[in-house]
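Student: Structure for this input, please:
(one chain, ligands or ions: 1)
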Amino acid sequence: MSAKNRQVCIFADEVEVINYLASTIQQSANEVLQEPAVCFFIGGSAAKLVCEAVTKIQSDWSRWRVAFCDERLVPSTHEESTYAAYAKYLQNSNPTLLNNFIKVDTSLPVDEAARDYEQKLHSLMSSEKGCSDLKWPHFDILVLGVGEDGHTASLFPSHPLLDEASKWVAPISDSPKPPPSRVTLTLPAIWAAGKCIFPVIGGGKADILKRILCPGDGGENLPVHRVMQSSKNTLWILDSKSAEKLEEFF
Ligand SMILES: O=C(O)[C@H](O)[C@@H](O)[C@H](O)[C@H](O)COP(=O)(O)O
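Tutor: Numbering: from 1, shown residues only. Predicted coordinates:
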């Protein structure tokens with residue numbers, strides 16, 4: 001189903017979701033690979049999907065730059081660290097890509113960690129894309145997750161961070177999902193990206209997907225819905241279980 005730069009693709013199972021995620025990331029990256037592709041990855045269960053998708057992509061990985069849509073403020077070896085989740089998979093299968101990750105300095109207090117990460121992203125856009133003094137960044141691909149409450153990255157329902165209108169990266173120290181301290185891309189930084197991809201699997205996400213994707217289901221103010229309303233291009237890659245409550249609409 002496709003409307004207003006929004007596409008929803010439903011597949012039988014996790015394997016098909018991973019295959020389509022791989023071909024979508026590869027195709028989107030091919031469109032920009034005359035420059036390094038700047039991708040942002042997410043934590044949570046989607047990390048495994050992304051890592052498995054990466055194993056199916058043929059590319060010159062030295063030309064990729066990967067940052068995080070959000071990161072939890074714990075040491076990079078901690079089991080809750082998003083970086084650690086990727087390192088666990090990629091250190092053997094794709095060390096070149098892992099070396100090109102732009103990490104959040106989680107040793108800093110959360111406000112400083114967010115400022116420092118934003119500075120790193122400014123430098124990245126300047127060195128790799130020749131863009132300096134950008135009001136908003138033009139990241140190529142964001143792979144995002146969705147929480148059962150409708151959050152995405154570390155943007156939570158009714159949180160004041162949803163009104164952030166000048167920063168690319170913001171700190172949060174009261175995240176309802178633990179751990180409480182995190183840094184996250186802001187809504188305007190997400191809106192400016194070339195493509196937002198949401199791979200989702202499992203029946204636990206069926207209710208929230210219905211609220212977000214079905215008109216009139218009351219999800220209009222949820223962070224994920226706000227991403228979708230103003231993003232240039234949003235792609236949902238769903239398995240049949242997560243999509244089981246969408247059937248009457250698609
Ligand atoms: O916590 C994180 O690292 C992410 O910031 C978060 O936005 C995640 O993508 C969703 O909470 C979905 O996570 P699950 O897929 O694990 O439910």
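
Student: ok, the residue nearest to Ser126 when sequence neighbours are not counted - contacts?
Tutor: Counting by C-beta to C-beta, 6 or more residues apart in numbering, Ser126 lies nearest to Ser132, which is 4.3 Å off, once chain neighbours are set aside. For glycine as for every other residue, the C-beta is placed from the backbone atoms N, C-alpha and C. With contacts defined as C-beta atoms under 8 Å, 6 or more residues apart in numbering, Ser132 is in contact with His122, Met125, Ser126.

Student: Quick one: name the residues of the protein near the ligand.
Tutor: The chain has residues 42-46, 70, 82, 145-147, 151-154, 177 near the ligand, with proximity defined as C-beta under 6 Å from any ligand atom.

Student: Tell me which residues of stretch 200-209 come out buried.
Tutor: Within stretch 200-209, the residues that qualify as buried are Val200, Ile201, Lys205, Ala206, Ile208, Leu209, counting by 16 or more other C-beta atoms under 10 Å.

Student: so how far is the ligand from the residue nearest to Gly203 when sequence neighbours are not counted?
Tutor: Closest residue to Gly203 in three dimensions, ignoring its sequence neighbours and counting by C-beta to C-beta, 6+ apart: Lys241, at 4.3 Å. The spacing between Lys241 and the ligand, counted by C-beta to the nearest ligand atom, to the nearest Å, is 13 Å.

Student: Over to Glu16?
Tutor: Using C-beta to the nearest ligand atom, which is the criterion applied here, Glu16 is 18 Å from the ligand.

Student: which residues touch the nearest residue to that residue once chain neighbours are set aside?
Tutor: Closest residue in space to Glu16, ignoring its immediate chain neighbours: Asp239 at 7.3 Å, by C-beta to C-beta, 6+ apart. With contact taken as C-beta under 8 Å, 6+ apart, Asp239 is in contact with Ile10, Phe11, Ala12, Asp13, Glu14, Glu16, Val17, Val200, Ile201, Gly202.

Student: Same check on Glu164?
Tutor: With the criterion set at C-beta under 8 Å, 6+ apart, Glu164 makes contact with Ala170, Thr186, Leu187, Pro188.

Student: now, which of these lie within strands?
Tutor: With DSSP state E as the criterion, strands contain Ala170 from among these.

Student: now, among the contacts of Glu164, which is nearest to Glu35?
Tutor: Checking these against Glu35 with C-beta to C-beta, the nearest one is Pro188 at 22.4 Å.

Student: Backbone torsions only: list them for the nearest residue to that closest one once chain neighbours are set aside.
Tutor: Using C-beta to C-beta, 6+ apart and skipping the chain neighbours, the partner closest in space to Pro188 is Trp136 (5.6 Å). For Trp136, the backbone dihedrals (degrees, to the nearest 10) come out as phi -130, psi 150.

Student: Neighbours of Trp136, how many?
Tutor: With neighbours defined by other C-beta atoms under 10 Å, the count for Trp136 comes to 15.

Student: So which residues make contact with the top helix by length along the chain?
Tutor: Ranked by residue count, the top helix of the chain under DSSP state H comes out as helix 110-129. Outside of helix 110-129, the residues within contact range by C-beta under 8 Å, 6+ apart are 35-36, 38, 65, 67, 71, 73, 102, 104-106, 108, 131-132, 134, 137-138, 167-173, 181-183.

Student: Among the residues you listed, which ones are in strands?
Tutor: Counted as lying in strands by DSSP E, out of those, are Val38, Arg65, Ala67, Glu71, Val169, Ala170, Pro171, Ile172, Arg182, Val183.

Student: In the protein, mark out all the helices, start to finish.
Tutor: Here the chain has its helices, by DSSP H, at 14-30, 46-54, 82-93, 95-99, 110-129, 187-191, 206-213, 223-230.

Student: export the ones you listed to JSON lines and tack on distance to Lys245 and mean pLDDT?
Tutor: Shown next, in JSON lines, are the helices of the chain (distance: least, C-beta to C-beta, whole Å; pLDDT from 0 to 100):
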{"stretch": "helix 14-30", "distance to Lys245": "17", "mean pLDDT": "95"}
{"stretch": "helix 46-54", "distance to Lys245": "20", "mean pLDDT": "96"}
{"stretch": "helix 82-93", "distance to Lys245": "28", "mean pLDDT": "96"}
{"stretch": "helix 95-99", "distance to Lys245": "35", "mean pLDDT": "96"}
{"stretch": "helix 110-129", "distance to Lys245": "36", "mean pLDDT": "94"}
{"stretch": "helix 187-191", "distance to Lys245": "25", "mean pLDDT": "97"}
{"stretch": "helix 206-213", "distance to Lys245": "4", "mean pLDDT": "94"}
{"stretch": "helix 223-230", "distance to Lys245": "15", "mean pLDDT": "94"}
